[in-house]
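[1] Quick check, what structure comes out for this input:
(one chain, ligands or ions: 1)
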Amino acid sequence: MQHVSPVLILDYGSQYTQLIARRIREMGIYSFILPGDASLSRIQELNPKALILSGGPSSVYDEGAPGLPQGLLDYQKSQKLPLLGICYGMQLLAKDLGGEVEKATVREYGRMIVHPEPSSKLFASDQFASSFQAWMSHGDETKKVPPGFRLVARSDSGSFAAMENPEAKIFALQFHPEVTHTENGAEILRRFLVDLSGIAADWSMQSVMEEQIKSIRERVGPSAHVLCALSGGVDSTVAATLVHRAIGDRLHCVFVDTGLMRFKEQERVMKLFKDQLHLPVTCVDAEARFLGKLAGVSDPEAKRKIIGAEFIAIFEEEAQKISKQIGHLPEFLVQGTLYPDVIESSPAPGDMSAGSGTGRKHSAKIKSHHNVGGLPKDLRFQLIEPLRALFKDEVRALGKQMGVPEDFLKRHPFPGPGLAVRVIGEITKSNLDVLREVDEIFINAIRDAGLYDKIWQAMAIFLPIRTVGVQGDGRTHDHVVALRAVTSSDGMTADWYAFDHAFLARVSSKICNEVRGVSRVVYDISSKPPATIEWE
Ligand code: XMP
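    Sure, this is the predicted structure:
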């Protein structure tokens, strides 16, 4: 996507930076985030259509506070590049262009009323005829605007809420237009980008698809081959579909059935891959290998390591088989890397302290730790990552555009090690079979109740204990299963879902009646934190 000129967002560590990118993309304009200390040459390389400076936790006068990239203001001036500073971004501009920033007398945090100046360029639309509510979060404030600038909005408490210098194409807001609590926030961004900067809102999933197909074709060339590990998840499926559109059957997909999949999963996904998406895919039935290696292993991290290593071994074997067919190893490997993973791997300046609230470093750690589908490092493939610039919801939209069924695109996340981390303790085929049946009943009930899309993730967990029960005239000593359903927006924190009692009663009696060997069902009422979503 790099040859589409983006609106470039320089990240100074605000928890809302990704939201700025999303809001802009939602209006049909491609945006891209770079760390606030990016070099000028990196910025120029992207040939941005406009620049946005994000908010951030620092104070501009702190020692070591992140500043503008060297030479940025000269570049902006020479190109007449539209520039918008938000919160810390406004203070940076005020300081560097000759205004003044000070500690605020009243720290503004939360919803504030802003009074715009109707004669300003930024607020010159009917929508800003009167005052509006805006989201503020700052301890410093601009006390004097730089020469050439006009103060164009104040907050209720009288502090500076916006300034502009339309001739220089520089605008700045003390509040956050990207946050939905700001009324007209999207309109302010649109006004800056479309009306004042003349940027066309013509970025769509159709254009992303066309562009990606073109660039994959150029990169792979007329004869090279490409390998792809399909996990059965959304990202690898959409990535493979895109590459297949670009180069056809020079794509070779491998789907490994670890035996740790859900009820009839192999059958279902292979049907989708082959019959609906026409992907060239080999299914490797590796249940016996995985269960053999996992026999007697109870420790969750040991399970993850074994599964990761076995997966790589199998994938390498399959690559060798393909190499025999085509006469050489495929040159390229597809990966379904998404934009948030790319952003997370480069923490922004000003965001170095633990607990700064962005979650960026924390989530990066969780993913590397969890990344079981990791692929061989010593096979020297060149990577094709066609989703690298997209957020998850954009990947879904792209999948939809290419005919991937919507119910597949909306599936809950599923961990790489699969049911191995949902059978607590030792994994056996019979425990897995019980778990699969229970999971299927639970998920179907959630679907039937119309709740599937409201829930982030729902699952059954097999517990390594038996409890006493009674069936007919006899005592039983059967398994306990737990059910868990959570709501979340990103998996970092989660709340347990409050089903009504009738629903839980229905599911519990169906499980005990239909799944042999289960006589007790419990529902997990823990949030994350302190619990995690998975039990292992
Ligand atoms: P936790 O259990 O850490 O899970 O709250 C957060 C999210 O990550 C998923 N998860 C994994 N994903 N490999 C993965 O690919 C793993 O080992 C793994 N462990 C947890 C979990 O399902 C949830 O969506």
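
[2] mind checking the backbone torsions on the nearest residue to residue 202 once chain neighbours are set aside?
    Ranked by C-beta to C-beta, 6 or more residues apart in numbering and with sequence neighbours excluded, the top spatial neighbour of residue 202 is residue 28, at 6.2 Å. C-beta coordinates here come from the backbone N, C-alpha and C atoms, glycine included. Phi and psi for residue 28, reported as degrees, to the nearest 10, are phi 90, psi 30.

[3] which residues in the stretch 301-450 of the chain form helices?
    Counting by DSSP state H, counting those that start in this stretch, the stretch 301-450 of the chain has helices at residues 339-344, 360-370, 392-401, 406-409, 429-448.

[4] for these, which one sits closest to residue 239?
    helix 392-401 (8.4 Å; C-beta to C-beta).

[5] Kindly format the C-alpha coordinates of the closest one as PDB.
    In PDB, the C-alpha atoms belonging to helix 392-401 read as follows (Å, rounded to 0.1, in the frame of the first residue of the first chain):
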ATOM      1  CA  LYS A 392      -9.000  -6.200  11.500                       C
ATOM      2  CA  ASP A 393     -12.300  -4.700  10.400                       C
ATOM      3  CA  GLU A 394     -10.700  -3.600   7.100                       C
ATOM      4  CA  VAL A 395      -9.500  -7.200   6.600                       C
ATOM      5  CA  ARG A 396     -13.000  -8.400   7.100                       C
ATOM      6  CA  ALA A 397     -14.300  -5.800   4.600                       C
ATOM      7  CA  LEU A 398     -11.600  -6.900   2.100                       C
ATOM      8  CA  GLY A 399     -12.600 -10.600   2.600                       C
ATOM      9  CA  LYS A 400     -16.200  -9.700   2.000                       C
ATOM     10  CA  GLN A 401     -15.200  -7.900  -1.200                       C
END
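
[6] which residues of the stretch 101-250 of the chain fall in helices?
    185-190, 205-220, 234-247.

[7] Mind putting these into JSON lines with mean neighbour count, distance to residue 268 and mean pLDDT?
    Below are those laid out as JSON lines (neighbours: other C-beta atoms under 10 Å; distance: least, C-beta to C-beta, whole Å; pLDDT from 0 to 100):
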{"stretch": "helix 185-190", "mean neighbour count": "22", "distance to residue 268": "39", "mean pLDDT": "96"}
{"stretch": "helix 205-220", "mean neighbour count": "16", "distance to residue 268": "25", "mean pLDDT": "96"}
{"stretch": "helix 234-247", "mean neighbour count": "23", "distance to residue 268": "12", "mean pLDDT": "98"}
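
[8] The ligand: which of the ones you listed is closest?
    helix 234-247 (10.7 Å; C-beta to the nearest ligand atom).

[9] in the next helix or strand after that closest one, what's buried?
    Along the chain past helix 234-247, the next helix or strand (assigned with DSSP states H and E) turns out to be strand 251-257. Across strand 251-257, burial judged by 16 or more other C-beta atoms under 10 Å covers 251, 252, 253, 254, 255, 256, 257.

[10] The ligand: which of those residues is nearest?
    Checking those against the ligand by C-beta to the nearest ligand atom gives residue 256 as the nearest, at 14.1 Å.
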